[in-house]
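J.: here is a sequence with its predicted model. Questions after.
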Amino acid sequence: MDIVTDITARRAALTPDRPAFHDVKSGEIVSFAALEDRCARAATLLADRGVGPGDRVAILCRNRVEFFEALFGCAKLGAILAPLNWRMPARELADLLADCAPSLLLTGAEDAATAAEAAQPHGTPLLDLEQDWPAARNAAEPHPGRPAWPGEETWYLIYTSGTTGRPKGVIQTYRMALVNYVNISQAIGLRDGDASLNFLPLFHTAGINLHTLPVLMAGGLNHILPGFEAGAVLDLINTGRLDVMLCVPAVYRELALHPDFATTDLTRLRHWACGGAPMPDVLIEQFAARGAVVCNGFGMTETGPTAFLMDREHALDKIGSVGKPQLLIDARIATPEGVPLPAGETGEVQFFGPGLTPGYWHCDSETAQLFTPDGWLKSGDLGRFDDEGYCYIAGRIKEMYISGGENVYPAEVENVLDEHPAILEAAVTGIADEKWGEVGCAHLILREGQSVSDEALRAWCRERMAAYKVPRHFLRSTDFPRTAAGKVQKHLLPRPEGVR
């Protein structure tokens, strides 16, 4: 894996006339031959604007084919793409531009004003993907590209949105993309010509890698939506146009709440996967009742991302597990110092293998802290293995709290609360308490038209778990602050009145 061949060039040579992308909104279909031609011309377009090997190209846009033209255009030049989070205000984006120092900022029309404001302090040139890109790309000559892409070389940066702090640029290499292709392909049984859906944000690793790049490498079709639309997704499923798909739990909730859910034939989609955040058991059971077995997974931007994925055969009898480590990655449960722990014990999930990030962009100290002395990547997540090698994630280390001397893992409490018929979603945090040291605070989103008292919730919890795990406080909310992957940003959740 020290060298990767030019992916779009090879795919075009193998299956030139097959569809690579379908823009659901416009109806445009781009074949693999056309995609390679566009990517080669995009490389020349970028080079004509001064982009060379190692230079960064920032991009701020919703999901569109042009993103992948820029991604592979950069690969042909040896440049580095830096996708930016369109949910951020200009001030935060300006900080990311200062960090990656791009030669050029590409932007879609919907984000052009924000991009201009963010670029102004740095004088970064802008190129509009709708007004300027197509004509300039078509006028350019196809670039010959590089004979090979070094596996360890940086291809793009993913700025982690983070649940606790400021984003860092996670380096993504060509080797990581190839390893992820192997890991996810064998895990979901990816077939030649399978179709998937690209709708998760492209500034997030799942938007690029789950399952878009693997499907493209396999010669399959990626339908593209600018963003999530429950009705459009259910229609693609019901008409048999999707074979494999990964969603985050928030998307599964929205699908289940949509009026068309009841009449959609979920069995027409062969493999359902979930990542980004823990999927409640009750939601898995709701989909299973309709013939859709959702396989929970777990990975990180730093792991490329595929690490764990549950096999379909055990997804329901080991509900709550994220499965086993996939083919080209190993995992262990260990102390923060790297001492391995036996099955059944809870500790930090740590990873080893060829698909791990080499580190964070221009963050040497953070990169050093990411790995144990023997080279295992520290996830910052708690988990345990059962006797059969299946892993269960208990949440972030920083989220665990100690109440009356006992460890409490928020994910376990959240799962119990999510089973309550009045609750749509729960997020639990630990807060200071004079008597117990820390107690739980449950933040709740209720189902439409539902209500439930605090006392009724405490009784529900006491029937299902130890008393020290039962939250002391219950707060209602209409939504939670989230990362692009749907993870709740718990450090931004409010505290109960009078609690510091």
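T.: Structure received.
J.: hang on, Thr367 packs against Leu356?
T.: No: using C-beta atoms under 8 Å, Thr367 makes no contact with Leu356, being 11.3 Å away. Any C-beta I mention is one placed from the backbone N, CA and C, and that applies to glycine too.
J.: shared neighbours, these two?
T.: When C-beta atoms under 8 Å, 6 or more residues apart in numbering defines a contact, no residue borders Thr367 and Leu356 alike.
J.: looking at this, Ala47 is in a helix?
T.: Yes: under DSSP: H, G, I helix; E, B strand; the rest coil, Ala47 sits within a helix.
J.: now do the contacts for it.
T.: Leu77, His143.
J.: Thr367 and Leu356: who's more crowded?
T.: Leu356 (23 against 16; other C-beta atoms under 10 Å).
J.: what about the more buried one, which SS state?
T.: Leu356 - assigned by three-state DSSP - is coil.
J.: can you check Ala307 too?
T.: strand.
J.: distance between the strand or helix carrying Arg91 and the chain's centre?
T.: Following DSSP states H and E, one finds Arg91 within helix 90-100. Averaging C-alpha positions (C-alpha atoms, centre = their mean, to the nearest Å) puts helix 90-100 21 Å from its chain's average.
J.: likewise stretch 134-147?
T.: 30 Å.
J.: which stretches of the stretch 351-500 of the chain have low pLDDT?
T.: 500 (pLDDT under 70).
J.: 50 - rerun?
T.: For the stretch 351-500 of the chain, no stretch is flagged by pLDDT under 50.
J.: for it, which segments count as helices?
T.: Using DSSP state H, counting those that start in this stretch, the helices assigned to the stretch 351-500 of the chain run over residues 364-370, 410-418, 454-462.
J.: on that earlier part again, now the element after the helix holding Arg91, going C-ward?
T.: Taking DSSP H and E, what comes next after helix 90-100 is strand 104-107.
J.: whichever helix or strand comes after that following strand packs against which elements?
T.: Sequence order places helix 112-119 as the next helix or strand after strand 104-107, per DSSP H and E. For helix 112-119, the elements it packs on are strand 56-60, helix 90-100, strand 104-107, strand 126-128, judged by 3 or more C-beta pairs under 8 Å, 6 or more residues apart in numbering; DSSP states H and E.
J.: and helix 112-119, how far out from the chain middle?
T.: Using C-alpha atoms, centre = their mean, the offset of helix 112-119 from its chain centre is 25 Å.
J.: in it, what counts as buried?
T.: Using 16 or more other C-beta atoms under 10 Å as the burial criterion, the residues of helix 112-119 that qualify are Ala112, Thr114, Ala115, Ala118, Ala119.
J.: for Tyr390, list the residues it contacts.
T.: So Tyr390 contacts Met310, His314, Lys318, Ser321, Gly323, Lys324 (C-beta under 8 Å, 6+ apart).
J.: quick one: the fourth one from Pro19, how far?
T.: In this case it means Ser321. 36 Å (C-beta to C-beta, to the nearest Å).
J.: can you check the fifth one too?
T.: Summarising the geometry, the distance separating Gly323 from Pro19, computed by C-beta to C-beta, is 31 Å.
J.: between Ser321 and Pro19, which one's more packed in?
T.: The neighbour comparison of Ser321 against Pro19 (other C-beta under 10 Å) goes to Ser321, with 24 against 19.
J.: skipping adjacent residues, who's closest to the residue most central in space within the chain in space?
T.: Most central in the chain under C-alpha atoms, centre = their mean is Ala206, positioned 3.5 Å from the mean C-alpha point. Spatial nearest neighbour of Ala206, excluding adjacent residues (C-beta to C-beta, 6 or more residues apart in numbering): Leu200 at 4.7 Å.
J.: likewise Leu255?
T.: Closest to Leu255 by C-beta to C-beta, 6+ apart is Ala230, at 5.4 Å.
J.: check contacts around that neighbour.
T.: Counted by C-beta under 8 Å, 6+ apart, Ala230 has contacts Val251, Glu254, Leu255, Leu257, His258, Asp260.
J.: cutoff 10 Å now
T.: By C-beta atoms under 10 Å, 6 or more residues apart in numbering, Ala230 lies in contact with Val251, Arg253, Glu254, Leu255, Ala256, Leu257, His258, Pro259, Asp260, Phe261.
J.: now it: how far from Arg447?
T.: Distance from Ala230 to Arg447, by C-beta to C-beta: 16 Å.
J.: show the pLDDT at the closest residue to Ala140 other than its chain neighbours.
T.: Spatial nearest neighbour of Ala140, chain neighbours left out: Thr44 (3.9 Å); criterion: C-beta to C-beta, 6+ apart. In this model, Thr44 is scored at 98, pLDDT.
J.: was I right about Ser321 contacting Met279?
T.: No: judged on C-beta atoms under 10 Å, Ser321 makes no contact with Met279 at a distance of 11.2 Å.
J.: next, show the common contact partners of the two.
T.: Common neighbours of Ser321 and Met279, using C-beta under 10 Å, 6+ apart, are Cys295, Asn296.
J.: residues touching the residue of the chain positioned farthest from its centre, list them.
T.: For the chain, the residue at maximal distance from the C-alpha centroid (C-alpha atoms, centre = their mean) is Lys435, at 39.1 Å. Contacts of Lys435 were listed using C-beta under 10 Å, 6+ apart, and they are Ser403, Gly404, Arg472.
J.: out of the helices of the stretch 351-500 of the chain, deepest packed?
T.: helix 410-418 (a mean of 22; mean count of other C-beta atoms under 10 Å).
J.: what angle sits between that one and helix 454-462?
T.: Orientation of helix 410-418 against helix 454-462 (axes from the mean of the first three to the mean of the last three C-alpha atoms, to 10 degrees) gives an angle of 120 degrees.
J.: for stretch 462-473, buried residues please.
T.: Buried-residue list, stretch 462-473, by 16+ other C-beta under 10 Å: Arg464, Lys469, Val470, Pro471, Arg472, His473.
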